[in-house]
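# Kindly return the folded structure for what I paste below:
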Amino acid sequence: MKNTKGIKEKLLKECFLFVEKRMETIEKIITSNKNDLLSETKSSAGDKHETGRAMIQLEMEKAGQQLSEVNLMQEILHKIDIKKTSEFGCLGSLIKTTNGTYFLAVSVGQLKVENENYFAVSTQSPIGKQLLGKKVGETIPFNKVKILEIH
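Numbers count the residues shown, from 1 in each chain. Next up, the predicted model:
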């Protein structure tokens, strides 16, 4: 693989952008829900009012959970040292396999860098868990994928 440090740098940047966009979306949802909650005034149809407030409250809790997940993703990204190399798959590794190239970071999915496709996966995802600790030449159970390179 050519210029792996540059590729890892770009992949990490793309992961940070993904997390930032997701955080912005969630914060907009929270703000909107707060506004909805404040504007929800007691009407003569009391049960309808209470149901509306309960629905908004559920949405707020869901958004709060998503926000904590995104904060965790951001923490994980800050731990990645792209200069670090290892002969084993670990957080921040770029792993080329017979089935594609994976960047062990957070679950973002497919990313295109320098006209090549990469898959940013979490170390907690099924494929990420199988790539952790593996060396070049090893095969993982997922579709009998063989590890060709680790950077």
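# Dump the helix or strand hosting Gly128 to CSV, keeping only the CA atoms.
Under the criterion of DSSP states H and E, Gly128 resides in helix 126-131. The C-alpha trace of helix 126-131 is given here as CSV (Å, rounded to 0.1, in the frame of the first residue of the first chain):
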residue,chain,number,x,y,z
PRO,A,126,-18.2,-8.2,14.4
ILE,A,127,-15.5,-7.8,11.8
GLY,A,128,-13.5,-5.4,14.0
LYS,A,129,-13.4,-7.9,16.8
GLN,A,130,-12.1,-10.6,14.5
LEU,A,131,-9.4,-8.3,13.0
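# what are the C-alpha coordinates of stretch 14-26, in PDB please?
Backbone C-alpha positions of stretch 14-26 (Å, rounded to 0.1, in the frame of the first residue of the first chain) are rendered in PDB as follows:
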ATOM      1  CA  GLU A  14     -13.100  11.500   7.500                       C
ATOM      2  CA  CYS A  15     -14.100   9.700  10.700                       C
ATOM      3  CA  PHE A  16     -13.900  12.900  12.700                       C
ATOM      4  CA  LEU A  17     -16.100  14.700  10.100                       C
ATOM      5  CA  PHE A  18     -18.600  11.900  10.200                       C
ATOM      6  CA  VAL A  19     -18.800  12.200  14.000                       C
ATOM      7  CA  GLU A  20     -19.000  16.000  14.000                       C
ATOM      8  CA  LYS A  21     -21.900  15.900  11.500                       C
ATOM      9  CA  ARG A  22     -23.700  13.300  13.500                       C
ATOM     10  CA  MET A  23     -23.200  15.300  16.700                       C
ATOM     11  CA  GLU A  24     -24.600  18.500  15.000                       C
ATOM     12  CA  THR A  25     -27.700  16.500  13.800                       C
ATOM     13  CA  ILE A  26     -28.400  15.100  17.300                       C
END
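# related to what we said a few turns ago, list the buried ones in the helix holding Gly128?
Going by neighbour count (16 or more other Cβ atoms under 10 Å), the buried part of helix 126-131 is Ile127, Gly128, Gln130, Leu131. For glycine as for every other residue, the C-beta is placed from the backbone atoms N, C-alpha and C.
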